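Chemist: Please find the sequence and the predicted model below.
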Amino acid sequence: MLFNTFEPGKFAFSAESIDLCRLDYPDKENLDDSNFNKEGLDFAKSKKWGIIGVPFDSTSSYHHGSRYGPTIIREASFGFEQYNSTFEKLLDAEFYDCGDLNAVHGNCKKTCDTLEEAVNELIGANIKPVIIGGEHSVSIGPIKALSNLEDNKDLSNITIIHLDAHRDIIDRYIGEKDSHATIMRRVHDLNPKELIQIGIRSFSKEEKEFVEKQENISSFLAKDLFDSFDIVLDKLNSIEGKVYISIDMDVIDPSFAPSVSNPTPNGLHPSDIENIFELLNNNEKIDIIGFDLVEVASDRLGDITAVLAAKIIYDFLTLFA
Ligand SMILES: [Mn+2]
């Protein structure tokens, strides 16, 4: 990189290059893909993060355009200072931007399988995934990759924190099992320790009934959080162990984040996300092992939803990288 230039193609403040060969594999020649992380390296404690953009929006049911999310969010990241004044901390940790996945447009399954393989490569280098969508269906890629590291090959030791206006937990959407509207059902199929849904305000009767029957789903409706956000913070403070966070940007109120695939009125305030991050950062009983932010749908540089999405990723990396 030339002095006094910048690379808008990568997330601001990311390391200049990623050389997987030089990262600390324990013994690259003798890796058993399924369990090498249990020996030598404690993946859950790793502070290394790698960004993968996923420009895919083929199953979006309303506004298209989330395929441009990775591009406009990265561009927006250059609006921030390296000193994060929200948390009074420099974003000076080394993290990587690996670029965008080669999405297979029109094929959700192939795209998610490709992403799972890409995340496996990151995990192999002890790097945790930060996924920038793209539509919400892509979350299954990193979540499957992480579940395969577990003894049971499922999520029984992993808590999923899901911020969204929608439950996304119907079994099939217009007949399709793999869709941005079914993603949390596919996650639930992997037997999470707990699925914590926050900011919910749009769902079918069938989804409501399904959730009520499950012992491992906790639900916080947006309307219940307007009186007291502390109920969700108390819940997050009580969790232990490994945690994956998935943020659908439509969890935020459309007055702050209008450019999403399915805008839904009466949502969260941007500072609610800051408060959640701060609380999770103070919870010493948890290890965050993966993060995604999805559903920003706009092709316009400087879009305010992209700016807010970039701020959320910037905050996340400031605290957890
Ligand atoms: Mn949603």
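Modeler: The structure has been received and is ready for your questions.
Chemist: Run through the residues that contact Val232.
Modeler: Shown in contact with Val232 (Cβ atoms under 8 Å, 6 or more residues apart in numbering): Ile198, Phe220, Leu225, Ile276. Where you see a C-beta, it was placed from the backbone N, CA and C, and this is true even at glycine.
Chemist: now, among the residues you listed, which is nearest to Glu240?
Modeler: The shortest gap between Glu240 and any of those belongs to Ile276, at 16.6 Å (Cβ to Cβ).
Chemist: Next one: the closest one relative to Tyr314, how far apart?
Modeler: In this structure, Ile276 and Tyr314 are 15 Å apart, going by Cβ to Cβ, to the nearest Å.
Chemist: Quick one: residues in contact with stretch 82-100.
Modeler: Contacts with stretch 82-100, where a contact means Cβ under 8 Å, 6+ apart, come from 9-11, 13-15, 17-18, 47-55, 70, 74, 118, 122, 127, 130, 274, 278, 281, 314-315, 317-319, 321.
Chemist: Now do it: distance from first to last residue.
Modeler: Stretch 82-100 has its terminal residues 23 Å apart, counting by Cα to Cα, to the nearest Å.
Chemist: list the buried ones in that stretch?
Modeler: Counting neighbours by 16 or more other Cβ atoms under 10 Å, one finds that the buried residues in stretch 82-100 are Asn84, Leu91, Ala93, Phe95, Tyr96, Asp97, Cys98, Asp100.
Chemist: The chain: helices as residue ranges?
Modeler: Ranges of helices in the chain, per DSSP state H, are 69-77, 108-124, 140-147, 183-189, 205-213, 222-225, 230-238, 270-282, 304-320.
Chemist: Out of the buried residues of stretch 82-100, name the ones that lie in strands.
Modeler: The strands, defined by DSSP state E, take in Asn84, Tyr96, Asp97, Cys98, Asp100 from these.
Chemist: So Ile252 is in contact with Asn266, correct?
Modeler: No: under the criterion of Cβ atoms under 8 Å, Ile252 lies out of contact with Asn266, with a separation of 11.0 Å.
Chemist: Look at those two and report which has more neighbours.
Modeler: Comparing Ile252 with Asn266 by neighbour count (other Cβ atoms under 10 Å), the higher total belongs to Ile252, at 27 against 14.
Chemist: Show me what that one bridges to in the sheet.
Modeler: Residues in a beta bridge with Ile252, per DSSP bridges, are Leu268.
Chemist: Then Ile51?
Modeler: Note on Ile51: beta-bridge partners by DSSP bridges are Asp97, Val130.
Chemist: what stretches of the stretch 1-150 of the chain score poorly on pLDDT?
Modeler: Within the stretch 1-150 of the chain, the ranges that satisfy pLDDT under 70 run 1, 17-40.
Chemist: swap the cut-off to 80 and go again
Modeler: Scanning the stretch 1-150 of the chain with the threshold set as pLDDT under 80 gives 1-8, 16-41.
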